[in-house]
Each structure stands twice: as C-alpha cells, then as structure tokens.
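K.L.:
everything below, folded, please.
(chains A, B, C and D)
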Number of protein chains: 2
Amino acid sequence: MTESASSARDADAVSRFVESFAAQLVEAGMPRMPARVFAALLSSDEGSMTSAGLGEQLRISPAAVSGAVRYLAQTHMVSREREPGSRRERYRVRGDQWYEALTNRDAVLKRWEQALREGVTSLGADTPAGRRMSETLAFFEFLESELAELMERWRVHREKTFGPE
Amino acid sequence: MTESASSARDADAVSRFVESFAAQLVEAGMPRMPARVFAALLSSDEGSMTSAGLGEQLRISPAAVSGAVRYLAQTHMVSREREPGSRRERYRVRGDQWYEALTNRDAVLKRWEQALREGVTSLGADTPAGRRMSETLAFFEFLESELAELMERWRVHREKTFGPE
DNA sequence: CCTTAACTTCACAAATTTCTGAAGCACGCG
DNA sequence: CGCGTGCTTCAGAAATTTGTGAAGTTAAGG
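P.N.:
Residues are numbered from 1 along each chain as shown, chains lettered A, B, ... in the order given. Predicted coordinates for the structure are as follows:
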C-alpha cells in the first residue's frame, strides 16, 4: 500500500519536474517536444528510455517521439541504442556527451564567424562598421578557444567531485 | 558618379550582410525581427539608428520596430537613447554591453539551476536520477563562475588588441 | 493651448510551426 | 517465409507566433 502510494507520488513528482524543466528549455529556445523528451530522459533512473515509454509518460504520439529524438540526436544531446534482439530502441543521455553539445555550439559559432568575415569584407575593414565587426569576430574566435579549455577544466573538476565516469 | 555608384553599392552590400547575419541569429533561436534590427545596428557606421531609419532599411512597420527594440532592450542587446530636443529615439549597440548579454544568459542559467534543485529534491538526492541531476546542477554552477572569469579575460585581451574603449 | 510628429499598444490576419493519425517500411520471431 | 511489432514518414489539422494597420499616448514646437 505504502509502496504503491509512494511510487504513484514518485511518478507524479517526476512528471512535474519534467514539465517544469522542459518549460525552461523551451524558454531558452529549444523546440517543445525535444525539450520534453530530453527532460524525461534526464530524470529517468537509467538515463535512458524506450520510445514507447516516452510516448506514454509524455502522452504524445510515436511520431512526435520520433521527431523529437531525431532533433536531439542531430544536436548530439542524446544517443540511440538498439536493444539487442529486439526492434526496440533506447534513447540515452550520456553525461559527458550532452555537456559538450551544450557548449559545442561550435558549428553555430563557425557560421557566425563566417558571416562576420564576409561582413568585414563587404563593408570595408577601414569603415567604422567594419572595425566594429572585426572586433565582434575577434570576440567569437576568443570565445571558441576558451570554450574548449573550459570543458577540459570541467572534466577535471567533475572527476575530482564525482569520481571517474 | 563614382561617388553615387559607390554609395549605392554600399547600401546594397550592407543590406546583404544584414540579412545574412540576421539569418544566422534566427537559426540560433533569436526571433526574426529582433535579429534583423540587431544586425542592422551592428553594421551601421554609428552603431546606432533611429526608428525611422530601421523601418526604412528593413522595410518593416513602426510597430515591428517597436516590438523588436523592446525585445532587444529587455535582453540588454541594445540601449535606447533620446535625441535631445526631438521626439526621435536612437537605438544603439554598445560594444561591451552586448558581449555580456550574449554570455549573460545569467538569468537563464539561474532559472535552470533552480529547476534542477527542485528536481533533485523531488526525485530524491539518493536516487540515480537525483545524482545525475546533482551533477548537471554542478555543471551549471561551474559554468556560471567560469563565464564571469571568461568575460574578464576578454576585456583584457580586447584592450590589448584594440586599445582602450 | 493646439497641432502634429514619433513611438507604442492592440486586435486581427497571415504565415509558420507543431503534432497527430494513417500509411509505410524493416526486421525479429515463430 | 510471412506475421506482427516498432519506428519512421507524410499530409493535413490545429495552435502558436509574427507582423500589420489603426487607434492611442506623449511631448515638442508654434
């Protein structure tokens, strides 16, 4: 009795957290379904769930799960695993992997830098606007190199605090 | 002749850059109009434009300018200035200000941390999910402190490269 | 004061995005 | 080899977001 009451409360608590954390992610610009799926994975005990499980907890169609997972996989926030001997698939959030994804807006940064370089060229490096853009470009290049070092420091810090993976 | 041809080409070049840079910002999650307005300001020689000027260059209504500027001001990407003795207002992108805005997702980070803390509590700090969340929380706290130092290093680096503001 | 320029707000129309149900495909299992 | 499960794709419905015109507000200038 206590047992079932407690697991019911847990499911509810999990769901509340999932939705509220997903809401924050959405507000930061992540599409809704990926955000919800990601939050669900993050709060699962295994760190992974099946497609069916996700659909059930979030009350969404298999199609929605599929779309959300595709997004998350493309952005390297989760990885897909086949369950051996079954058509089932598990989606997993791997500790190290998604921290990097968060900061590895590398692709994004690269494209911004490219756009800025074109801007400097086409506006003229000797114009005020061109100079402002050069500086902006320098900032992004700085940022890019710093982020790599930052992640390295995190790995060290993490290992000290939480022990090896 | 050469003069007018050259300024025509400039206007065109500016516009092309504005739109292409704005597109990158949009892809990174910024709403369209704010992105375009910001890009326009960034590539103006003064680093500032009037509402009318923005409307004209971007071919959008005063209402759209108003909305975009409100967004940008709230997120500290631009500041508003009154032109003395006129009802005109100028919107300005100040070098130091918007770098910080970019990294000062501080508000966002703070809310994520809050959500994660609630997650740890409600899922139980001793559960596997709870532990994963604690680690995530630690990552954000780490990130927050690192970002402050990173910006400080940038200020130094910038001053060396570009000279004092 | 009254006029009018400049920005803002509001309600609505349009465009875009998002999610679903249904059909399709692939593969493990009997 | 074919059945059935489980994921994916697709077309369309629904909801959300976005941008506009029009009315509203504030304040400069006569």
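K.L.:
could you check the pLDDT of residue A:4?
P.N.:
Per-residue confidence (pLDDT) for residue A:4: 48.
K.L.:
and for residue A:97?
P.N.:
In this model, residue A:97 carries a pLDDT of 85.
K.L.:
surely it touches residue A:76?
P.N.:
Yes: between residue A:97 and residue A:76 there is a contact at 6.3 Å, judged by CB atoms under 8 Å. Heads up, the C-betas are built off the backbone N, CA and C, glycines and all.
K.L.:
got any ranges where chain A has weak pLDDT?
P.N.:
Residue ranges of chain A with pLDDT under 70: A:1-9, A:104.
K.L.:
around DNA strand D, pick out the residues from it.
P.N.:
A:50-52, A:62-63, A:65-67, A:69-70, A:80, A:86-89 (CB under 7 Å from any atom of the strand).
K.L.:
residue A:105: which of these is nearest?
P.N.:
residue A:70 (19.1 Å; CB to CB).
K.L.:
touching chain B at all, stretch A:139-157?
P.N.:
Yes: contact of stretch A:139-157 with chain B (CB under 8 Å from any CB of the partner chain) involves A:139, A:142, A:143, A:146, A:150, A:153, A:154, A:157.
K.L.:
filter those to the buried ones?
P.N.:
Buried residues within the residues of stretch A:139-157 next to chain B, defined by neighbour count using 16 or more other CB atoms under 10 Å in any protein chain shown: A:139, A:142, A:143, A:146, A:150, A:154.
K.L.:
quick revisit: which among the residues of chain A next to DNA strand D count as buried?
P.N.:
By 16+ other CB under 10 Å, the residues of chain A next to DNA strand D give A:51, A:65, A:67, A:69, A:89 as buried.
K.L.:
the first one - nearest residue in space that isn't next to it in sequence?
P.N.:
Which is residue A:51. residue A:65 (5.0 Å; CB to CB, 6 or more residues apart in numbering or on different chains).
K.L.:
which residue is nearest the centroid of chain A?
P.N.:
residue A:77 (4.1 Å; CA atoms, centre = their mean).
K.L.:
name the SS class of that one, please.
P.N.:
coil (DSSP: H, G, I helix; E, B strand; the rest coil).
K.L.:
how near is it to residue A:33?
P.N.:
13 Å (CB to CB, to the nearest Å).
K.L.:
the residue nearest to residue A:51 is in what secondary structure piece?
P.N.:
helix A:62-74 (DSSP states H and E).
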